[in-house]
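Student: Sharing a model prediction with you, sequence too.
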Amino acid sequence: MQINVTKPFLPPLAEYQTYLDGIWRREWLTNHGPLSSELELRLKEYLSLDYLLYVTNGTIALQLGIKALGLSGEIITTPFSYVATTSTIVWENCTPAMVDISPDSLNIDPEKIEQAITDKTSAIMATHVFGNPCEIDKIDAIAKKHGLKVIYDAAHAFGTKYRGKSAFQYGDLSATSFHATKLFHTIEGGAVICQTPELLKRVAEMRNFGHLSPTEFGLVGINGKNSEAHAAMGLCNLKYINEILAKRRELHRRYKERLVGLPVRFQSIEPDCEYNHAYFPVIFESEEMLLHVVATLNLNSINPRRYFYPSLSELDYVRQAERTPISNDISRRVLCLPLHFGLADEEKKKILNRNVAGQSTKRCSSLKWTISK
Ligand SMILES: *Cc1c(COP(=O)(O)O)cnc(C)c1O
(Lines give C-alpha, C1' and ligand atoms only; values in the text may rest on other atoms or scores of the structure.)
Protein backbone atom coordinates (compact mmCIF):
# COMPACT_ATOMS: atom_id res chain seq x y z
CA MET A 1 0.00 0.00 0.00
CA GLN A 2 1.33 3.40 -1.03
CA ILE A 3 0.91 6.47 1.16
CA ASN A 4 0.99 9.56 -1.06
CA VAL A 5 1.39 13.21 -0.14
CA THR A 6 -2.34 13.60 -0.55
CA LYS A 7 -5.40 11.60 -1.46
CA PRO A 8 -8.70 13.10 -2.53
CA PHE A 9 -11.55 13.00 -0.05
CA LEU A 10 -14.43 10.95 -1.48
CA PRO A 11 -17.95 11.27 -0.05
CA PRO A 12 -20.21 8.20 0.21
CA LEU A 13 -21.03 7.20 -3.39
CA ALA A 14 -24.78 7.09 -2.66
CA GLU A 15 -24.74 10.81 -1.80
CA TYR A 16 -23.11 11.68 -5.11
CA GLN A 17 -25.52 9.35 -6.91
CA THR A 18 -28.48 11.29 -5.52
CA TYR A 19 -27.16 14.47 -7.13
CA LEU A 20 -26.53 12.60 -10.40
CA ASP A 21 -30.13 11.39 -10.39
CA GLY A 22 -31.21 15.03 -10.30
CA ILE A 23 -28.87 15.95 -13.17
CA TRP A 24 -30.31 13.10 -15.28
CA ARG A 25 -33.83 14.21 -14.45
CA ARG A 26 -33.22 17.83 -15.38
CA GLU A 27 -30.92 17.03 -18.33
CA TRP A 28 -29.08 20.26 -17.42
CA LEU A 29 -25.35 19.47 -17.47
CA THR A 30 -23.56 22.82 -17.44
CA ASN A 31 -23.97 26.59 -18.11
CA HIS A 32 -24.86 27.91 -14.65
CA GLY A 33 -27.17 25.07 -13.67
CA PRO A 34 -28.91 24.78 -10.31
CA LEU A 35 -26.12 22.78 -8.64
CA SER A 36 -23.45 25.29 -9.66
CA SER A 37 -25.60 28.12 -8.32
CA GLU A 38 -26.29 26.20 -5.11
CA LEU A 39 -22.59 25.52 -4.62
CA GLU A 40 -21.79 29.24 -5.02
CA LEU A 41 -24.47 30.07 -2.47
CA ARG A 42 -23.33 27.44 0.04
CA LEU A 43 -19.69 28.48 -0.28
CA LYS A 44 -20.61 32.12 0.30
CA GLU A 45 -22.59 31.10 3.39
CA TYR A 46 -19.90 28.81 4.76
CA LEU A 47 -17.08 31.31 4.22
CA SER A 48 -19.17 34.47 4.86
CA LEU A 49 -18.37 35.97 1.46
CA ASP A 50 -20.42 38.38 -0.64
CA TYR A 51 -18.97 37.82 -4.11
CA LEU A 52 -17.80 34.44 -5.35
CA LEU A 53 -17.90 32.79 -8.79
CA TYR A 54 -17.37 29.08 -9.34
CA VAL A 55 -15.01 28.50 -12.27
CA THR A 56 -13.27 25.73 -14.23
CA ASN A 57 -10.11 25.55 -12.13
CA GLY A 58 -7.68 27.61 -10.06
CA THR A 59 -5.52 28.48 -13.05
CA ILE A 60 -8.46 30.00 -14.95
CA ALA A 61 -9.40 31.83 -11.74
CA LEU A 62 -5.96 33.50 -11.70
CA GLN A 63 -6.17 34.33 -15.41
CA LEU A 64 -9.66 35.81 -15.01
CA GLY A 65 -8.33 37.88 -12.10
CA ILE A 66 -5.42 39.31 -14.10
CA LYS A 67 -7.71 40.07 -17.07
CA ALA A 68 -10.59 41.51 -15.07
CA LEU A 69 -8.29 43.88 -13.16
CA GLY A 70 -6.80 44.99 -16.48
CA LEU A 71 -3.23 44.29 -15.39
CA SER A 72 -0.27 44.91 -17.67
CA GLY A 73 3.50 45.37 -17.46
CA GLU A 74 5.09 43.92 -14.34
CA ILE A 75 3.40 41.97 -11.58
CA ILE A 76 5.32 41.54 -8.34
CA THR A 77 5.03 37.93 -7.24
CA THR A 78 6.49 35.12 -5.16
CA PRO A 79 8.90 32.48 -6.44
CA PHE A 80 7.81 30.01 -3.77
CA SER A 81 4.48 28.70 -5.04
CA TYR A 82 3.01 26.30 -7.56
CA VAL A 83 4.03 27.02 -11.16
CA ALA A 84 0.54 28.34 -12.05
CA THR A 85 1.19 31.50 -9.99
CA THR A 86 3.96 32.46 -12.43
CA SER A 87 2.73 30.85 -15.63
CA THR A 88 -0.63 32.67 -15.55
CA ILE A 89 1.20 36.02 -15.34
CA VAL A 90 3.31 35.15 -18.38
CA TRP A 91 0.29 33.63 -20.19
CA GLU A 92 -1.54 36.96 -19.76
CA ASN A 93 1.41 38.80 -21.35
CA CYS A 94 2.64 40.34 -18.13
CA THR A 95 6.14 40.04 -16.66
CA PRO A 96 6.64 38.45 -13.24
CA ALA A 97 8.93 40.46 -10.96
CA MET A 98 10.16 38.02 -8.36
CA VAL A 99 10.46 39.18 -4.75
CA ASP A 100 12.10 36.87 -2.21
CA ILE A 101 10.25 35.15 0.64
CA SER A 102 10.54 35.24 4.39
CA PRO A 103 12.42 32.10 5.51
CA ASP A 104 9.96 31.64 8.39
CA SER A 105 6.49 32.21 6.92
CA LEU A 106 7.58 31.05 3.42
CA ASN A 107 5.37 33.86 2.04
CA ILE A 108 6.51 36.87 0.00
CA ASP A 109 8.56 39.24 2.20
CA PRO A 110 6.71 42.59 2.28
CA GLU A 111 9.91 44.41 3.31
CA LYS A 112 11.36 43.59 -0.11
CA ILE A 113 8.37 44.58 -2.23
CA GLU A 114 8.93 48.34 -2.49
CA GLN A 115 12.42 48.07 -3.93
CA ALA A 116 11.00 45.92 -6.77
CA ILE A 117 8.34 48.48 -7.80
CA THR A 118 9.04 50.26 -11.11
CA ASP A 119 6.93 52.55 -13.28
CA LYS A 120 5.72 49.42 -15.10
CA THR A 121 4.39 47.66 -11.99
CA SER A 122 0.62 47.16 -12.02
CA ALA A 123 -0.02 44.67 -9.22
CA ILE A 124 1.18 42.37 -6.47
CA MET A 125 0.21 38.70 -6.78
CA ALA A 126 1.08 36.77 -3.62
CA THR A 127 0.33 33.22 -2.49
CA HIS A 128 -0.89 32.25 0.99
CA VAL A 129 1.68 29.46 0.95
CA PHE A 130 0.44 26.12 2.34
CA GLY A 131 -2.60 27.97 3.71
CA ASN A 132 -0.57 30.39 5.88
CA PRO A 133 -1.87 33.91 5.23
CA CYS A 134 0.53 36.54 3.86
CA GLU A 135 1.34 39.71 5.83
CA ILE A 136 -1.83 41.15 4.36
CA ASP A 137 -1.82 44.53 6.14
CA LYS A 138 1.69 45.37 4.98
CA ILE A 139 1.01 44.25 1.41
CA ASP A 140 -2.22 46.24 1.24
CA ALA A 141 -0.53 49.37 2.63
CA ILE A 142 2.22 49.18 -0.01
CA ALA A 143 -0.35 48.59 -2.75
CA LYS A 144 -2.39 51.62 -1.66
CA LYS A 145 0.65 53.86 -1.45
CA HIS A 146 1.75 52.96 -4.99
CA GLY A 147 -1.67 52.53 -6.61
CA LEU A 148 -1.24 48.80 -7.26
CA LYS A 149 -3.86 46.06 -7.41
CA VAL A 150 -3.54 42.98 -5.18
CA ILE A 151 -4.41 39.42 -6.20
CA TYR A 152 -4.03 36.60 -3.73
CA ASP A 153 -3.38 33.11 -5.01
CA ALA A 154 -5.48 31.51 -2.29
CA ALA A 155 -5.37 27.99 -3.75
CA HIS A 156 -4.26 26.62 -0.37
CA ALA A 157 -6.31 28.89 1.87
CA PHE A 158 -9.78 27.29 2.01
CA GLY A 159 -10.87 27.44 5.64
CA THR A 160 -8.04 29.71 6.79
CA LYS A 161 -9.25 32.79 8.64
CA TYR A 162 -7.24 35.96 9.05
CA ARG A 163 -8.43 38.40 11.74
CA GLY A 164 -11.67 36.47 12.03
CA LYS A 165 -12.55 36.57 8.32
CA SER A 166 -11.92 34.11 5.52
CA ALA A 167 -8.50 34.65 3.94
CA PHE A 168 -10.44 34.95 0.65
CA GLN A 169 -11.79 38.35 1.76
CA TYR A 170 -8.55 40.25 1.27
CA GLY A 171 -6.94 42.02 -1.66
CA ASP A 172 -8.84 43.22 -4.73
CA LEU A 173 -9.39 39.62 -5.74
CA SER A 174 -8.59 36.11 -4.56
CA ALA A 175 -8.33 33.03 -6.75
CA THR A 176 -8.67 29.58 -5.28
CA SER A 177 -8.52 26.01 -6.51
CA PHE A 178 -10.90 23.12 -5.87
CA HIS A 179 -8.63 20.55 -7.53
CA ALA A 180 -8.86 16.97 -6.24
CA THR A 181 -5.57 17.36 -4.34
CA LYS A 182 -6.80 20.36 -2.37
CA LEU A 183 -8.38 20.36 1.08
CA PHE A 184 -11.84 21.11 -0.35
CA HIS A 185 -12.40 19.89 -3.91
CA THR A 186 -14.89 19.51 -6.74
CA ILE A 187 -12.60 17.11 -8.72
CA GLU A 188 -11.51 20.03 -10.94
CA GLY A 189 -12.68 23.51 -10.07
CA GLY A 190 -11.89 26.86 -8.57
CA ALA A 191 -13.35 30.21 -7.61
CA VAL A 192 -12.80 33.90 -8.01
CA ILE A 193 -13.65 35.96 -4.94
CA CYS A 194 -13.84 39.75 -5.15
CA GLN A 195 -14.92 42.66 -2.98
CA THR A 196 -17.20 44.72 -5.24
CA PRO A 197 -20.29 43.91 -7.33
CA GLU A 198 -18.74 45.74 -10.31
CA LEU A 199 -15.72 43.47 -10.40
CA LEU A 200 -17.91 40.40 -9.87
CA LYS A 201 -20.02 41.38 -12.89
CA ARG A 202 -16.92 41.82 -15.03
CA VAL A 203 -15.50 38.42 -14.03
CA ALA A 204 -18.92 36.80 -14.57
CA GLU A 205 -19.07 38.17 -18.12
CA MET A 206 -15.52 37.07 -18.83
CA ARG A 207 -16.30 33.58 -17.47
CA ASN A 208 -19.10 33.25 -20.04
CA PHE A 209 -17.42 34.26 -23.34
CA GLY A 210 -18.30 37.93 -22.76
CA HIS A 211 -22.02 37.25 -23.30
CA LEU A 212 -24.37 40.06 -22.20
CA SER A 213 -27.29 38.27 -23.85
CA PRO A 214 -27.43 35.43 -26.38
CA THR A 215 -26.58 37.89 -29.17
CA GLU A 216 -24.58 40.63 -27.41
CA PHE A 217 -20.97 40.53 -26.27
CA GLY A 218 -19.62 43.15 -23.85
CA LEU A 219 -15.96 42.21 -23.77
CA VAL A 220 -13.43 39.53 -24.69
CA GLY A 221 -14.29 36.47 -22.64
CA ILE A 222 -13.27 32.88 -22.21
CA ASN A 223 -15.04 29.68 -21.15
CA GLY A 224 -14.44 29.64 -17.39
CA LYS A 225 -17.62 27.79 -16.42
CA ASN A 226 -17.81 24.54 -14.51
CA SER A 227 -20.25 21.63 -14.80
CA GLU A 228 -23.12 20.30 -12.72
CA ALA A 229 -21.27 17.03 -12.10
CA HIS A 230 -18.35 18.95 -10.60
CA ALA A 231 -20.60 21.19 -8.53
CA ALA A 232 -22.34 18.05 -7.20
CA MET A 233 -19.03 16.75 -5.83
CA GLY A 234 -18.51 20.10 -4.13
CA LEU A 235 -21.96 19.99 -2.52
CA CYS A 236 -21.25 16.48 -1.21
CA ASN A 237 -17.82 17.40 0.13
CA LEU A 238 -18.91 20.63 1.77
CA LYS A 239 -21.00 18.59 4.23
CA TYR A 240 -17.79 17.02 5.54
CA ILE A 241 -15.60 20.11 5.56
CA ASN A 242 -15.58 20.65 9.32
CA GLU A 243 -14.65 17.00 9.86
CA ILE A 244 -11.90 17.32 7.26
CA LEU A 245 -10.48 20.43 8.91
CA ALA A 246 -10.59 18.86 12.38
CA LYS A 247 -8.90 15.66 11.22
CA ARG A 248 -6.08 17.61 9.58
CA ARG A 249 -5.56 19.71 12.70
CA GLU A 250 -5.16 16.51 14.70
CA LEU A 251 -2.76 14.93 12.18
CA HIS A 252 -0.68 18.13 12.21
CA ARG A 253 -0.44 18.04 15.97
CA ARG A 254 0.68 14.41 15.95
CA TYR A 255 3.28 15.00 13.26
CA LYS A 256 4.78 17.86 15.25
CA GLU A 257 4.85 15.80 18.41
CA ARG A 258 6.59 12.91 16.72
CA LEU A 259 9.14 14.95 14.81
CA VAL A 260 10.27 16.89 17.82
CA GLY A 261 14.00 16.53 18.38
CA LEU A 262 14.79 15.81 14.71
CA PRO A 263 17.01 18.27 12.81
CA VAL A 264 14.14 19.83 10.89
CA ARG A 265 12.14 23.02 11.20
CA PHE A 266 8.57 24.01 10.35
CA GLN A 267 6.79 26.91 8.66
CA SER A 268 5.85 29.63 11.16
CA ILE A 269 2.15 30.35 11.02
CA GLU A 270 0.77 33.91 11.19
CA PRO A 271 -0.32 34.38 14.82
CA ASP A 272 -3.52 36.32 14.06
CA CYS A 273 -5.11 33.54 12.03
CA GLU A 274 -7.09 30.35 12.22
CA TYR A 275 -4.96 27.99 10.16
CA ASN A 276 -6.44 25.27 7.91
CA HIS A 277 -3.54 22.78 8.20
CA ALA A 278 -3.55 22.29 4.45
CA TYR A 279 -0.01 20.87 4.18
CA PHE A 280 2.78 19.64 6.42
CA PRO A 281 6.04 21.08 5.09
CA VAL A 282 9.30 20.12 6.76
CA ILE A 283 12.50 22.09 6.14
CA PHE A 284 15.71 20.07 6.36
CA GLU A 285 19.22 21.34 7.07
CA SER A 286 20.46 20.30 3.63
CA GLU A 287 19.18 18.99 0.31
CA GLU A 288 21.33 15.91 0.88
CA MET A 289 19.42 15.10 4.04
CA LEU A 290 16.12 15.68 2.22
CA LEU A 291 17.09 13.33 -0.62
CA HIS A 292 18.13 10.69 1.89
CA VAL A 293 14.79 10.92 3.69
CA VAL A 294 12.84 10.85 0.39
CA ALA A 295 14.69 7.70 -0.68
CA THR A 296 14.05 6.01 2.67
CA LEU A 297 10.37 6.97 2.68
CA ASN A 298 9.97 5.79 -0.92
CA LEU A 299 11.44 2.42 0.02
CA ASN A 300 8.68 2.20 2.60
CA SER A 301 5.99 3.11 0.04
CA ILE A 302 5.58 6.61 1.45
CA ASN A 303 5.60 9.30 -1.21
CA PRO A 304 6.12 12.85 -0.01
CA ARG A 305 6.37 15.67 -2.57
CA ARG A 306 8.94 18.38 -3.08
CA TYR A 307 6.52 21.32 -2.77
CA PHE A 308 7.80 23.70 -4.00
CA TYR A 309 10.79 22.83 -6.09
CA PRO A 310 12.24 24.42 -8.17
CA SER A 311 11.96 28.02 -7.07
CA LEU A 312 9.86 29.66 -9.81
CA SER A 313 12.52 32.37 -10.24
CA GLU A 314 14.67 29.59 -11.74
CA LEU A 315 12.20 28.74 -14.52
CA ASP A 316 13.64 29.05 -18.02
CA TYR A 317 11.02 31.60 -18.94
CA VAL A 318 11.69 33.73 -15.84
CA ARG A 319 15.44 33.59 -15.06
CA GLN A 320 15.45 35.83 -11.99
CA ALA A 321 17.14 33.42 -9.58
CA GLU A 322 19.69 36.05 -8.52
CA ARG A 323 16.86 38.06 -6.93
CA THR A 324 15.63 35.26 -4.66
CA PRO A 325 18.42 33.52 -2.72
CA ILE A 326 16.13 32.51 0.16
CA SER A 327 13.52 30.89 -2.07
CA ASN A 328 16.23 29.11 -4.11
CA ASP A 329 17.73 27.72 -0.92
CA ILE A 330 14.52 26.71 0.86
CA SER A 331 12.98 25.12 -2.23
CA ARG A 332 15.88 22.65 -2.24
CA ARG A 333 15.34 21.69 1.39
CA VAL A 334 11.56 21.56 1.84
CA LEU A 335 9.38 18.49 1.68
CA CYS A 336 5.63 18.06 2.22
CA LEU A 337 4.75 14.94 4.19
CA PRO A 338 1.54 13.02 3.48
CA LEU A 339 -1.48 14.75 4.99
CA HIS A 340 -5.03 13.78 4.16
CA PHE A 341 -8.32 12.67 5.64
CA GLY A 342 -7.68 8.92 5.40
CA LEU A 343 -4.10 9.09 6.64
CA ALA A 344 -4.44 7.83 10.19
CA ASP A 345 -6.16 4.62 9.11
CA GLU A 346 -3.65 3.94 6.37
CA GLU A 347 -0.79 4.53 8.73
CA LYS A 348 -2.21 2.03 11.20
CA LYS A 349 -2.53 -0.59 8.48
CA LYS A 350 1.02 0.06 7.43
CA ILE A 351 2.40 -0.34 10.92
CA LEU A 352 0.49 -3.62 11.22
CA ASN A 353 1.97 -4.78 7.92
CA ARG A 354 5.40 -3.92 9.16
CA ASN A 355 4.88 -5.91 12.31
CA VAL A 356 3.63 -8.89 10.35
CA ALA A 357 6.63 -8.69 8.07
CA GLY A 358 8.86 -8.54 11.09
CA GLN A 359 10.62 -5.45 9.74
CA SER A 360 10.02 -3.44 12.84
CA THR A 361 8.12 -3.98 16.01
CA LYS A 362 8.36 -0.35 16.95
CA ARG A 363 5.06 1.02 18.08
CA CYS A 364 5.71 4.45 16.64
CA SER A 365 4.49 5.61 13.27
CA SER A 366 6.31 4.34 10.24
CA LEU A 367 7.08 7.95 9.36
CA LYS A 368 8.91 8.66 12.56
CA TRP A 369 10.63 5.35 12.14
CA THR A 370 11.87 6.09 8.64
CA ILE A 371 12.65 9.76 9.19
CA SER A 372 14.59 9.24 12.38
CA LYS A 373 16.66 6.38 10.99
C1 LIG B 1 -3.28 24.04 -7.25
C2 LIG B 1 -2.71 25.42 -7.37
C3 LIG B 1 -3.03 26.26 -8.46
C4 LIG B 1 -3.79 25.78 -9.65
O5 LIG B 1 -5.05 25.33 -9.41
P6 LIG B 1 -5.74 24.30 -10.45
O7 LIG B 1 -7.14 24.21 -9.94
O8 LIG B 1 -5.00 23.01 -10.37
O9 LIG B 1 -5.68 24.93 -11.80
C10 LIG B 1 -2.56 27.57 -8.43
N11 LIG B 1 -1.79 28.02 -7.42
C12 LIG B 1 -1.43 27.24 -6.39
C13 LIG B 1 -0.60 27.81 -5.29
C14 LIG B 1 -1.87 25.90 -6.33
O15 LIG B 1 -1.48 25.10 -5.34
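Tutor: Right, received. Where do you want to start?
Student: tell me which residues of whichever strand or helix holds residue 198 are tucked away?
Tutor: Here residue 198 sits within helix 197-207, counting by DSSP states H and E. Neighbour counts over helix 197-207 (16 or more other C-beta atoms under 10 Å) mark 199, 200, 202, 203, 204, 205, 206, 207 as buried. In short, each C-beta sits where N, CA and C put it, glycine included.
Student: ok, and what's touching it?
Tutor: Contacts to helix 197-207, defined as C-beta atoms under 8 Å, 6 or more residues apart in numbering, come from residues 51, 53, 55, 64-65, 67-69, 172-173, 192, 194, 211-212, 218-225.
Student: Which of these fall within helices?
Tutor: Mapping those onto helices (DSSP state H) picks out 64, 65, 67, 68.
Student: Which residues are in contact with residue 32?
Tutor: If you count contacts by C-beta under 8 Å, 6+ apart, residue 32 has them with 208, 225.
Student: how about it, secondary structure?
Tutor: Each residue gets one of three states, and residue 32 gets coil by DSSP: H, G, I helix; E, B strand; the rest coil.
Student: Residue 25 now?
Tutor: Following three-state DSSP, the label given to residue 25 is helix.
Student: What helices and strands are in contact with whichever strand or helix holds residue 257?
Tutor: Secondary structure assigned from DSSP H and E places residue 257 in helix 241-259. Applying 3 or more C-beta pairs under 8 Å, 6 or more residues apart in numbering; DSSP states H and E, one finds that helix 241-259 makes contact with strand 280-284, helix 343-357, helix 366-372.
Student: What number of neighbouring residues does the closest residue to residue 229 other than its chain neighbours come out with?
Tutor: Among residues not flanking residue 229 along the chain, residue 23 sits closest, at 6.6 Å (C-beta to C-beta, 6 or more residues apart in numbering). The burial metric for residue 23, expressed as a neighbour count using other C-beta atoms under 10 Å, is 19.
Student: ranges for the strands of the stretch 151-300 of the chain?
Tutor: Read by DSSP state E, counting those that start in this stretch, the stretch 151-300 of the chain holds these strands, from start to end of the chain: 161-162, 165-166, 173-177, 190-194, 211-213, 216-217, 264-266, 273-274, 280-284.
Student: looking at those strands, which is buried most?
Tutor: Using mean count of other C-beta atoms under 10 Å, the stretch among those with the largest mean neighbour count is strand 173-177, at a mean of 30.
Student: can you tell me which residues contact residue 149?
Tutor: Counting by C-beta under 8 Å, 6+ apart, the residues that residue 149 touches are 69, 71, 122, 123, 124, 143, 172, 173.
Student: Beyond the helix or strand hosting the fifth one, next helix or strand please.
Tutor: If you go by DSSP H and E, residue 124 is part of strand 121-127. On the C-terminal side of strand 121-127, the nearest following helix or strand under DSSP H and E is helix 136-146.
Student: Could you list the buried residues of that following helix?
Tutor: Buried positions in helix 136-146, judged by neighbour count with 16+ other C-beta under 10 Å: 136, 139, 140, 142, 143.
Student: List of residues touching it?
Tutor: Taking contacts as C-beta under 8 Å, 6+ apart, the residues outside helix 136-146 that touch it are 108, 110-111, 113-114, 117, 121, 123-124, 126, 148-150, 162, 170-171.
Student: The residue nearest to residue 229 against residue 227, yeah?
Tutor: No. The pair formed by residue 23 and residue 227 falls short of the contact definition of C-beta atoms under 8 Å, at 9.1 Å.
Student: shared neighbours of the two, anything?
Tutor: Common contacts of residue 23 and residue 227, defined by C-beta under 8 Å, 6+ apart, comprise 29, 33.
Student: correct me, but residue 338 touches residue 2?
Tutor: No. In this structure, residue 338 sits apart from residue 2 without contact. The criterion is C-beta under 8 Å, and the distance is 9.7 Å.
Student: out of the contacts of helix 197-207, which are buried?
Tutor: For the contacts of helix 197-207, buried by 16+ other C-beta under 10 Å: 51, 53, 55, 64-65, 67-69, 172-173, 192, 194, 211, 221-222, 224-225.
Student: quick one on the thing from earlier: export the ones in helices among the contacts of helix 197-207 to JSON lines and tack on pLDDT and distance to residue 103?
Tutor: Rendered in JSON lines, the data for the ones in helices among the contacts of helix 197-207 read as follows (pLDDT from 0 to 100; distance: C-beta to C-beta, whole Å):
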{"residue": "64", "pLDDT": "98", "distance to residue 103": "32"}
{"residue": "65", "pLDDT": "98", "distance to residue 103": "28"}
{"residue": "67", "pLDDT": "98", "distance to residue 103": "33"}
{"residue": "68", "pLDDT": "98", "distance to residue 103": "33"}
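Student: out of the buried residues of helix 136-146, who's nearest residue 302?
Tutor: residue 136 (34.9 Å; C-beta to C-beta).
Student: Any idea how far stretch 193-207 is from the middle of the chain?
Tutor: Mean-position distance between stretch 193-207 and its chain equals 21 Å (C-alpha atoms, centre = their mean, to the nearest Å).
Student: Also stretch 121-137?
Tutor: Taking C-alpha atoms, centre = their mean, one finds the center of stretch 121-137 at 12 Å from the center of the full chain.
Student: Show me which positions of it end up buried.
Tutor: 121-136.
Student: The stretch 1-150 of the chain: strands as residue ranges?
Tutor: 3-4, 51-55, 74-77, 95-98, 121-127, 149-153.
Student: Reformat these as CSV; add mean pLDDT and distance to the ligand.
Tutor: Supplementary listing: these in CSV, determined by pLDDT from 0 to 100; distance: least, C-beta to the nearest ligand atom, whole Å:
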stretch, mean pLDDT, distance to the ligand
strand 3-4, 88, 16
strand 51-55, 98, 9
strand 74-77, 98, 11
strand 95-98, 98, 13
strand 121-127, 98, 5
strand 149-153, 98, 5
